[in-house]
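1. Coordinates only, no sequence provided:
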């Protein structure tokens, strides 16, 4: 049996085929870049139909290469918090608002949660521009067309491809509308969002499986009998793919954005652990939760600096960073994209201070990157306080794979914790596959975790986890 793993990210769509142990098949990877449209007004949107077309192109490429022949299960890692307005027949009425969009705000006279602390404990979220509680009223106000219903990017895409596409509890938890213990739409959150629970997507039951629509099964006959698992939020999938599946190990993932997270086993209906007021909590599946903090800056910060400061690339840049050394007067605020919840700092809040005529472009990049390390170290301490123990850290994501210097900066910032690196660049897809297989606990032994000073190229085939 093979597994097709889809990763619906912010900067790209990827599809790869893995074997029954969730190990990537060599060469069985298709990738399409997608265009995130950002603006000075805080917008961060994607074109839904264009995104779906990229996903279908990935499936076409894998099918043409003969990689889908033995696929029996399809797993999906998808970005949390996205939302788009839909017509009654499911057609988009506007672009997809991503996590990066900071424009939504409370409408005049809107009511806040009666007890913000209790609301945060139940939903793991806040009344904030990142969540549907504030996004849905704002979208209705700005859409210009009556909205029949709302969905996330993955629900829109799978709604086109599959016979039935309910919302997974993992994706629902990212809306800020889900009661994380009861796994039901929270009445107060729905009232804040201006929707009835019955107007929201149906929630997928545990071990739900979907199938391709007939017309798409004709396009990809190799997938006609494959079963599709409920999607997993990208952060949760990355934790599993990084081997961070209990409180002894924290995942620090730096892709387009960045996050630090701890995963815990908490079955539906069980009492939730205390949640620090500065941290969010979402569902991995019906049996696990993930707690953490996220940041709008990450690999996008690196890409911005490389582009605008005309930095060298590859080994030349790494060598320049190593030579840069410390600059005691230079300070940076890396929040170029604004704050993720619970912060409300808008996009365009990045700062540089202490510049001199001796400051170089490489110095600026270094201080921005170490600034991100400091933000993550602070929030990791909050996570550890919540579970009462220090954690080993596993660095993962494309930006970590690309820069040994940044990995070393994290080692310094997170000391004295042991810090390791997950070299597998497809941690989201691998994690989603392990969740779909019901093998989260086994991910603690996933291959690809090495010392942070390992300078080999990122591997695409990790060692096999034990059965």
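-> Noted; the coordinates are in hand. All figures in this text were calculated on a predicted structure; none of them were measured in a lab.

2. The residue of the chain most remote from its centre and residue 449, how far apart?
-> Centroid-distance maximum for the chain: residue 357 at 38.9 Å, with C-alpha atoms, centre = their mean. Using C-beta to C-beta, to the nearest Å, residue 357 is found at 44 Å from residue 449. The way it works is simple: take the backbone N, C-alpha and C, and place the C-beta from them, glycine included.

3. Then residue 168?
-> Residue 168 is 27 Å from residue 449, where distance means C-beta to C-beta.

4. Just want to know which of those two has more residues nearby.
-> The neighbour comparison of residue 168 against residue 449 (other C-beta atoms under 10 Å) goes to residue 168, with 30 against 23.

5. Quick one: mean pLDDT for the longest helix along the chain?
-> Identified as the longest helix of the chain according to DSSP state H is helix 361-387. Averaged across helix 361-387, the pLDDT comes to 95.

6. what helices or strands is the helix or strand following it leaning on?
-> Downstream of helix 361-387, the next assigned helix or strand under DSSP states H and E is strand 392-396. With contacts defined as 3 or more C-beta pairs under 8 Å, 6 or more residues apart in numbering; DSSP states H and E, strand 392-396 has these neighbours: strand 249-254, helix 404-414, strand 419-422.

7. So which residues make contact with the helix or strand just after the first one?
-> Sequence-wise, the next helix or strand downstream of strand 249-254 (DSSP H and E) is strand 258-265. The list of residues contacting strand 258-265 from outside it, by C-beta atoms under 8 Å, 6 or more residues apart in numbering, reads 235-236, 238-240, 244-247, 250-253, 273, 284, 287-295, 297-299, 372, 376, 379-380, 383, 386-387, 391, 397, 399, 440.

8. related to what we said a few turns ago, the residue farthest from the centre of the chain sits in which helix or strand?
-> Residue 357 belongs to no helix or strand, assigned by DSSP H and E.

9. circling back to that earlier point, from the contacts of strand 258-265, list just the buried residues.
-> Among these, the ones that count as buried by 16 or more other C-beta atoms under 10 Å are 235-236, 238-240, 244-247, 250-253, 284, 287-295, 297-299, 372, 376, 379-380, 383, 386-387, 391, 397, 399, 440.

10. Now do the same for the residue farthest from the centre of the chain: its pLDDT.
-> 92.

11. ok now do it, which residues does it touch?
-> Residue 357 touches nothing, counting by C-beta under 8 Å, 6+ apart.

12. cool, and residue 193?
-> Taking C-beta under 8 Å, 6+ apart, one finds 132-137, 177 in contact with residue 193.

13. Take those and write them to JSON lines, including secondary structure, pLDDT and distance to residue 69.
-> Output for the contacts of residue 193, formatted as JSON lines (DSSP: H, G, I helix; E, B strand; the rest coil; pLDDT from 0 to 100; distance: C-beta to C-beta, whole Å):
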{"residue": "132", "secondary structure": "helix", "pLDDT": "98", "distance to residue 69": "39"}
{"residue": "133", "secondary structure": "helix", "pLDDT": "98", "distance to residue 69": "45"}
{"residue": "134", "secondary structure": "helix", "pLDDT": "98", "distance to residue 69": "46"}
{"residue": "135", "secondary structure": "helix", "pLDDT": "98", "distance to residue 69": "41"}
{"residue": "136", "secondary structure": "helix", "pLDDT": "98", "distance to residue 69": "42"}
{"residue": "137", "secondary structure": "helix", "pLDDT": "97", "distance to residue 69": "47"}
{"residue": "177", "secondary structure": "coil", "pLDDT": "98", "distance to residue 69": "40"}
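
14. and of these, the nearest to residue 161?
-> Comparing these against residue 161 with C-beta to C-beta places residue 132 closest, at 22.9 Å.

15. so how many other residues sit close to the closest one?
-> By the criterion of other C-beta under 10 Å, residue 132 has 29 neighbours.

16. what does residue 401 give?
-> Residues near residue 401, counting by other C-beta under 10 Å: 23.

17. from memory it sits against residue 427, does it?
-> No: look at residue 401 against residue 427 with C-beta atoms under 8 Å: they stay out of range, at 9.8 Å.

18. pLDDT score assigned to the nearest residue to residue 168 once chain neighbours are set aside?
-> With sequence-adjacent residues excluded and distances taken as C-beta to C-beta, 6 or more residues apart in numbering, residue 168 is closest to residue 230, at 3.6 Å. Residue 230 carries a pLDDT score of 98 in this model.

19. ok, how many other residues are close to residue 230?
-> By the criterion of other C-beta under 10 Å, residue 230 has 29 neighbours.

20. Could you double-check that residue 78 sits in contact with residue 5?
-> No: in this structure residue 78 lies outside contact range of residue 5 using C-beta under 8 Å: 11.5 Å.

21. The residue nearest to the spatial centre of the chain: what's it in contact with?
-> Central residue of the chain (C-alpha atoms, centre = their mean): residue 234, 3.5 Å from the mean position. Applying C-beta under 8 Å, 6+ apart, one finds that residue 234 lies in contact with 7-9, 77-80, 428.

22. Name the member of the contacts of residue 193 with the most neighbours.
-> So for the contacts of residue 193 (other C-beta under 10 Å), the most neighbours sit at residue 133, 31 neighbours.

23. Of all the residues in stretch 63-80, which ones are buried?
-> Counting neighbours by 16+ other C-beta under 10 Å, stretch 63-80 gives 63, 67-68, 70-71, 73-80 as buried.
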